[in-house]
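Chemist: have a look at this prediction, sequence included:
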Amino acid sequence: MIPGPRNLITDVPGLLVGNAQDDALKSGATVLTAADPFTASVHVMGGAPGTRETDLLAPDKSVSRVDAIVLSGGSAFGLDACSGVADALRAQHRGFEVGNVVVPIVPGAILFDLLNGGDKTWAENPYRALGRRAFEGVSDQFDLGTSGAGTGALAAMHKGGLGSASFVMENGVTVGALVAANPLGSVTTPGDRHFWAAPFEMGDEFGGLGPDTSTGLGRSMTSRKATAMRPTEPDKGNTTIAIVATDAALSKSQCKRLAVAAHDGIARAIVPAHTPGDGDLVFGVSTGNHQLSEGELGLLGHVASICLARAIARAVFLAVPALGDLLPCWSDLHDLS
């Protein structure tokens, strides 16, 4: 089992990703789409999610495929990025057909980045335009770190960001993850150097420093983010939102199970995770026709969780500094040269 050629979710054949951001706003949007509609479901484990069109992704709901999925900053305002994507899809006459009407199906999720130091004094919601711009720029190559929905993200101790990773399994199935990491918890152990996800790292994709060999880890709740955001309530302004995808042939209910299993990756990469103030959410996506046995389906979920853990660490590792940042980047604190 090795990373795909790009080590991105777009190693899953057919998937494309686009980013758009506003550096003054310190926020942005990320879109995942494909030439054809794809099967999707979702699982929420955080206590404070912000979503659009996620109810229809339940296995018992009638719409079986979607046209795009949006991850965005902006809290509730950011849900309008989905409208921008829907506008662009409608212009291409893409969507769910109802008589002579075509309705694009665009689920989405948001993270809270309204108090990150960016200029939020807009007169008109900027996220609709950001969503459309992200969709119009989709490609199989895209930037990580301080980009798209991860532009203004913050973790407990460092800037957050946008991350991605992939695996090609021995049976030829590809699995990928895409994440905007803005958690209450930390992605590093005490001391800031080692990533919680280090046991799952491939090569030196997030520094190659290996696991922390200390014992008694996980007890510290130190947070630069909490200090920087006082006197507000930092435990209510978080969220890690992600997509895991595969070219295995999955039903909607199997996509749901894929999303459930992938949440293990959040818990492996962020401590603490799934708190009442996080809106932690994972979409599960299937694009292909590789048939899997029941045993292989279980392995698929495990692989997705490892991909997501790696993607979260990469999101923070690849973040870059910008004017007005509240928190340091991981790279500001550690010289690997």
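Modeler: It's in. Numbering: from 1, shown residues only.

Chemist: okay, CA-based contacts and neighbour counts for the rest of this
Modeler: OK.

Chemist: tell me which helix or strand comes right after whichever strand or helix holds residue 71.
Modeler: Applying DSSP states H and E as the criterion places residue 71 in strand 65-72. Using DSSP H and E, the helix or strand that follows strand 65-72 in sequence is helix 81-91.

Chemist: isn't residue 93 right up against residue 102?
Modeler: Yes. Here residue 93 reaches residue 102: they are 6.6 Å apart, a contact under CA atoms under 8 Å.

Chemist: got the confidence number for residue 48?
Modeler: The per-residue pLDDT reported for residue 48 equals 87.

Chemist: okay, the nearest residue to it once chain neighbours are set aside and residue 259: tell me how far apart.
Modeler: Among residues not flanking residue 48 along the chain, residue 279 sits closest, at 4.2 Å (CA to CA, 6 or more residues apart in numbering). For residue 279, the distance to residue 259 (CA to CA, to the nearest Å) stands at 14 Å.

Chemist: thinking again about what came up before, okay, now the residue nearest to residue 48: neighbour count?
Modeler: 30 (other CA atoms under 10 Å).

Chemist: ranges for the strands of the stretch 151-300 of the chain?
Modeler: Ranges of strands in the stretch 151-300 of the chain, per DSSP state E, counting those that start in this stretch, are 161-168, 174-182, 239-248, 281-290.

Chemist: mind checking those for the one nearest to residue 43?
Modeler: Minimum separation from residue 43 across these (CA to CA) falls at strand 281-290, 5.5 Å.

Chemist: now do the closest one against strand 239-248: the angle between them, please.
Modeler: 10 degrees (axes from the mean of the first three to the mean of the last three CA atoms, to 10 degrees).

Chemist: turn the strands of the stretch 151-300 of the chain into a markdown table, including mean pLDDT and distance to residue 54.
Modeler: As requested, the strands of the stretch 151-300 of the chain are exported to a markdown table (pLDDT from 0 to 100; distance: least, CA to CA, whole Å):
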| stretch | mean pLDDT | distance to residue 54 |
| --- | --- | --- |
| strand 161-168 | 97 | 21 |
| strand 174-182 | 97 | 17 |
| strand 239-248 | 96 | 13 |
| strand 281-290 | 92 | 9 |
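
Chemist: about what we covered before: what residues are up against the residue nearest to residue 48?
Modeler: Counting by CA atoms under 8 Å, 6 or more residues apart in numbering, residue 279 touches 44, 45, 46, 47, 48, 49, 50, 111, 238, 239, 240, 241.

Chemist: low-confidence stretches in this structure?
Modeler: Counting by pLDDT under 70, the low-confidence segments of the chain come to 230-236, 336-337.

Chemist: which helix in it runs the most residues?
Modeler: Determined from DSSP state H, the single longest helix within the chain is helix 294-317.

Chemist: after that one, which helix or strand is next?
Modeler: Counting by DSSP H and E, what follows helix 294-317 is helix 330-333.

Chemist: got the buried residues for that following helix?
Modeler: 330, 331 (16 or more other CA atoms under 10 Å).

Chemist: one more: stretch 115-130?
Modeler: 115, 116, 117, 118, 120, 126, 127, 128, 129, 130.

Chemist: the last one belongs to a helix?
Modeler: It refers to residue 130. Yes. When DSSP: H, G, I helix; E, B strand; the rest coil is applied, residue 130 is found to be in a helix.

Chemist: what's the spacing between it and residue 82?
Modeler: 9 Å.

Chemist: do the second one as well
Modeler: Per CA to CA, residue 116 is found 22 Å from residue 82.

Chemist: show residues contacting stretch 109-126.
Modeler: 23-27, 49-52, 70-80, 152-154, 180, 182, 229, 237-241, 279, 281, 324-326.

Chemist: hmm, 6 Å instead?
Modeler: Stretch 109-126 has contacts (CA atoms under 6 Å, 6 or more residues apart in numbering) with 24-26, 50-51, 71-75, 152, 237-239.

Chemist: likewise stretch 171-190?
Modeler: Contacts to stretch 171-190, defined as CA under 6 Å, 6+ apart, come from residues 9, 12, 149-150, 153-156, 160-168, 194-196, 238-247, 269-272, 307-308.

Chemist: now do the contacts for the nearest residue to residue 289 once chain neighbours are set aside.
Modeler: Leaving out its chain neighbours, the residue that sits closest to residue 289 by CA to CA, 6+ apart is residue 249, at 4.4 Å. Contacts for residue 249 were tallied using CA under 6 Å, 6+ apart; they are 288, 289, 290, 291.
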